[in-house]
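Colleague: Any chance you can model this:
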Amino acid sequence: MKIFLSKDPIEIPKEFLVFCKEKNIELLAKSCIEIEFLEFEMPTNFDYIFFASKNAVLSVLKDNKITENIKIIAAGKATAEAVNKMGYACFHFYETAGEIAKNAQEFKELIDTETVLFPCSNLSKNSYSSVLEASQKIKIQTYETKAKQQEIPPCTIYVFTSPSNFNSFILNNNFPDKYKIISWGESTSEAIKKSGFVVDVSLNTSSFEELIGILSGL
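Modeller: Numbers count the residues shown, from 1 in each chain. Below you'll find the predicted structure:
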């Protein structure tokens with residue numbers, strides 16, 4: 001079995017590498033995007049900050065400090081761990097990161113009438129900010145996502161971790177006659193289906209633990 005995973009090798013946890021070795025899985029890990037952090041002026045007067053990804057976390061916290069009265073919410077466990085590595089604790093994060101529609105409604109109820117800062121990229125889907133009133137959200141672009149040309153040889157399984165990774169992949173690659181697609185949650189699944197492809201498995205928690213469980217059953 002040969003698996004393509006749209007992440008840089010440095011992002012792959014040891015547990016997953018061990019799993020692949022034990023199962024004789026040939027792993028090809030390459031990101032199909034590149035990230036550029038932007039300069040920006042940090043807004044004021046907000047109650048929460050919502051991080052949709054690890055890149056959003058780094059784009060803000062590498063050069064800015066968040067005061068203790070600001071509550072941090074992360075879209076998933078991996079993003080929350082990135083927050084922790086930067087020396088902060090999350091007020092809340094979503095265990096099932098892939099279930100965006102459900103989480104967004106819970107997010108709306110949690111925020112109530114308060115104000116949220118959304119650091120985002122040029123390709124952000126606005127899945128969480130869209131459920132709030134305009135007066136409750138401050139959106140600021142803090143990084144840019146760019147397509148990166150990657151030529152990927154034919155694989156058995158393709159794991160796409162974001163809509164931008166998938167869209168970049170199909171610009172430069174074709175799928176073989178037989179293959180399966182695993183997507184990293186709802187937004188990635190939507191991008192894949194919009195392009196006319198079938199998603200065989202959509203991860204609910206968008207985690208390597210869940211991916212291991214799925215691959216173990218194939």
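
Colleague: From here on, just use CA atoms for contacts and neighbour counts.
Modeller: OK.

Colleague: where along this protein do the helices fall?
Modeller: Assigned by DSSP state H, the chain shows helices spanning 14-22, 54-61, 77-85, 100-111, 163-172, 186-194, 208-216.

Colleague: could I get these as CSV with mean pLDDT, mean neighbour count and distance to residue 139?
Modeller: CSV is the format used below for the helices of the chain (pLDDT from 0 to 100; neighbours: other Cα atoms under 10 Å; distance: least, Cα to Cα, whole Å):
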stretch, mean pLDDT, mean neighbour count, distance to residue 139
helix 14-22, 97, 13, 35
helix 54-61, 96, 21, 12
helix 77-85, 94, 20, 18
helix 100-111, 95, 16, 15
helix 163-172, 96, 19, 20
helix 186-194, 94, 18, 19
helix 208-216, 95, 14, 30
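
Colleague: Export those helices to CSV and append columns for distance to residue 1.
Modeller: Formatted as CSV, these follow (distance: least, Cα to Cα, whole Å):
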stretch, distance to residue 1
helix 14-22, 10
helix 54-61, 29
helix 77-85, 26
helix 100-111, 30
helix 163-172, 20
helix 186-194, 22
helix 208-216, 10
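
Colleague: out of those, nearest to residue 202?
Modeller: Nearest of the helices of the chain to residue 202, taken as Cα to Cα: helix 186-194 at 6.6 Å.

Colleague: Could you list every helix and strand in contact with the closest one?
Modeller: If you count contacts as 3 or more Cα pairs under 8 Å, 6 or more residues apart in numbering; DSSP states H and E, helix 186-194 packs onto helix 163-172.

Colleague: For residue 7, which of the helices of the chain is the nearest?
Modeller: Between the helices of the chain, helix 163-172 lies closest to residue 7; by Cα to Cα that is 8.7 Å.

Colleague: residues in contact with that closest one?
Modeller: Residues from elsewhere that reach helix 163-172 (Cα atoms under 8 Å, 6 or more residues apart in numbering): 6, 31-33, 123, 145, 147-151, 160, 187-189, 191-192.

Colleague: What of stretch 29-45?
Modeller: Residues from elsewhere that reach stretch 29-45 (Cα under 8 Å, 6+ apart): 4-9, 55, 59, 64, 117, 138, 141-150, 164-166, 168-169.

Colleague: and that stretch, which residues are buried?
Modeller: Of the residues in stretch 29-45, those with enough neighbours to count as buried (16 or more other Cα atoms under 10 Å) are 29-33, 37.

Colleague: same check, this time on stretch 175-183
Modeller: 175, 180-183.

Colleague: What pLDDT is listed against residue 68?
Modeller: For residue 68, the pLDDT comes out at 93.

Colleague: distance of it from residue 18?
Modeller: For residue 68, the distance to residue 18 (Cα to Cα, to the nearest Å) stands at 39 Å.

Colleague: Let me see the contact set for residue 3.
Modeller: By Cα under 8 Å, 6+ apart, the contact list for residue 3 reads 25-28, 155-159.

Colleague: and it, bridged to which residues?
Modeller: residue 27, residue 157 (DSSP bridges).

Colleague: Sweet, I'm off.
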